[in-house]
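Q: quick one: sequence plus predicted model below, questions after.
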Amino acid sequence: MSSKLGKGLEALLQIDEDEKTGVQLVEIGNISFNPYQPRKSVNKQRLQELAQSISENGIIQPIILRKIGENKYELIAGQRRITAAKIAGLTKVPAIIRSAKNLEMLSLALVENLQREDLNAIDEAMAYQRFVEEFSFTHEKIAEVVGKSRAAVTNSLRLLRLPEQVIELIKNEELSAGHARAILQVDPSLQTEFAKYIVKNEISVRKAEEISKKFGRAKKDRKPAKRDIHLVALENDLERKFGTRVKIKGYKKGKFEIYYHTEEEFEKILDIILHSK
């Protein structure tokens, strides 16, 4: 253990081995991570802050493990704490050993993260999806397990329908779950564009909900105006004359637009205009 910590292991951990509470000290090297851990994204800055806190104050809340062999354990809950403990230089962590089946592994890890509000909206939705795919849970059953409403679970799962770019923005905490729900109200072809618009303009959830009702609608509803066939014919004649694109806007009042892409094209067009009779 690093000498800079300046404390004995038991003092640092703040928890002694206790037969009554079931807390014991376990070698970090004997612990493997929970394959059902819902957390997929880790905020490195917050993890470093937790490691600093552990260095100064120890681990206050034990992690939860299940035994998988002689002196071998699998983590049920406490992934951030054990990772931060490693960074802080600890070799042992306080733990409570529990019996748990695979379903309980997922349930316990998910509930613990939700209660601590440690999961981003996408990690939460993916955990619910595992309940559906691996254990054939209905939305009602998931809601019962995690202590949320069925509607909350259903709305969470809907986030996984978003484009990958939008999902990444949520994982990186550039967008909240509230923003994501507003984005879902927009046509799928415009969702990524809307998400970037929200981030760029730092739009609140409430404002995003308002904008979502009309975002892209004007673009979709606007039908191209019918153009005067005589103006179209004149544009074609001028394009053949100048050898480049020509746009005429308006008839009695408007403007000509003549496009060129090189200095040579500009000189050619200018020569034609100046020397035309």
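A: Structure received. Numbers count the residues shown, from 1 in each chain.
Q: what comes into contact with stretch 166-176?
A: With contacts defined as C-beta atoms under 8 Å, 6 or more residues apart in numbering, stretch 166-176 is touched by 40-41, 43, 120-123, 159-160, 162, 177, 179-180, 183, 191-192, 195, 198-199, 205. Using the backbone N, CA and C atoms, a C-beta is placed for each residue, glycine as well.
Q: select only the buried ones of these in PyMOL?
A: To isolate the buried members of the contacts of stretch 166-176 in PyMOL, using 16 or more other C-beta atoms under 10 Å:
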select buried, resi 120+121+122+123+159+162+177+179+180+183+191+192+195+198+205
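Q: what segments of the stretch 151-277 of the chain are strands?
A: For the stretch 151-277 of the chain, the strands defined by DSSP state E, counting those that start in this stretch cover 246-249, 255-258.
Q: let me know which of the ones you listed is tucked in deepest.
A: Burial of the strands of the stretch 151-277 of the chain is given as mean neighbour count (mean count of other C-beta atoms under 10 Å); strand 246-249 ranks first at a mean of 15.
Q: pairing partners for that strand, with directions?
A: With DSSP bridges as the test, strand 246-249 is paired with strand 255-258 (antiparallel).
Q: can I get the strand it pairs with in PDB? Just the C-alpha atoms.
A: C-alpha atoms of strand 255-258 as PDB (Å, rounded to 0.1, in the frame of the first residue of the first chain):
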ATOM      1  CA  LYS A 255     -32.500  39.000 -59.600                       C
ATOM      2  CA  PHE A 256     -30.200  37.000 -61.800                       C
ATOM      3  CA  GLU A 257     -27.700  34.600 -60.300                       C
ATOM      4  CA  ILE A 258     -24.900  33.400 -62.600                       C
END
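Q: hang on, the earlier thing: distance to A88 and mean pLDDT added to the strands of the stretch 151-277 of the chain, as CSV?
A: CSV is the format used below for the strands of the stretch 151-277 of the chain (distance: least, C-beta to C-beta, whole Å; pLDDT from 0 to 100):
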stretch, distance to A88, mean pLDDT
strand 246-249, 67, 83
strand 255-258, 66, 83
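Q: all helices of this structure, in order?
A: 9-13, 44-57, 79-88, 102-115, 121-135, 139-146, 150-158, 164-171, 177-183, 191-201, 205-212, 217-221, 229-242, 263-275 (DSSP state H).
Q: out of those, deepest packed?
A: helix 177-183 comes out most buried of the helices of the chain by mean count of other C-beta under 10 Å, with a mean of 22.
Q: average pLDDT for that helix?
A: The average pLDDT within helix 177-183 is 91.
Q: start at 43, not 1
A: Yes, from this point I'll number from 43; that puts the last item at helix 219-225.
Q: isn't K310 right up against H303?
A: No. Contact criterion C-beta atoms under 8 Å: K310 and H303 do not qualify, at 11.5 Å.
Q: pick out the shakiest of the helices of the chain, pLDDT-wise.
A: Minimum mean pLDDT among the helices of the chain: helix 51-55, a mean of 36.
Q: returning to what we had before: mind putting the helices of the chain in a markdown table, distance to F75 included?
A: Formatted as a markdown table, the helices of the chain follow (distance: least, C-beta to C-beta, whole Å):
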| stretch | distance to F75 |
| --- | --- |
| helix 51-55 | 20 |
| helix 86-99 | 14 |
| helix 121-130 | 6 |
| helix 144-157 | 10 |
| helix 163-177 | 15 |
| helix 181-188 | 21 |
| helix 192-200 | 23 |
| helix 206-213 | 19 |
| helix 219-225 | 25 |
| helix 233-243 | 31 |
| helix 247-254 | 33 |
| helix 259-263 | 46 |
| helix 271-284 | 66 |
| helix 305-317 | 64 |
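Q: for K295, which of these is the nearest?
A: Among the helices of the chain, helix 271-284 comes nearest to K295, with 12.7 Å by C-beta to C-beta.
Q: helix 305-317 and the closest one, what's the angle between them?
A: 110 degrees (axes from the mean of the first three to the mean of the last three C-alpha atoms, to 10 degrees).
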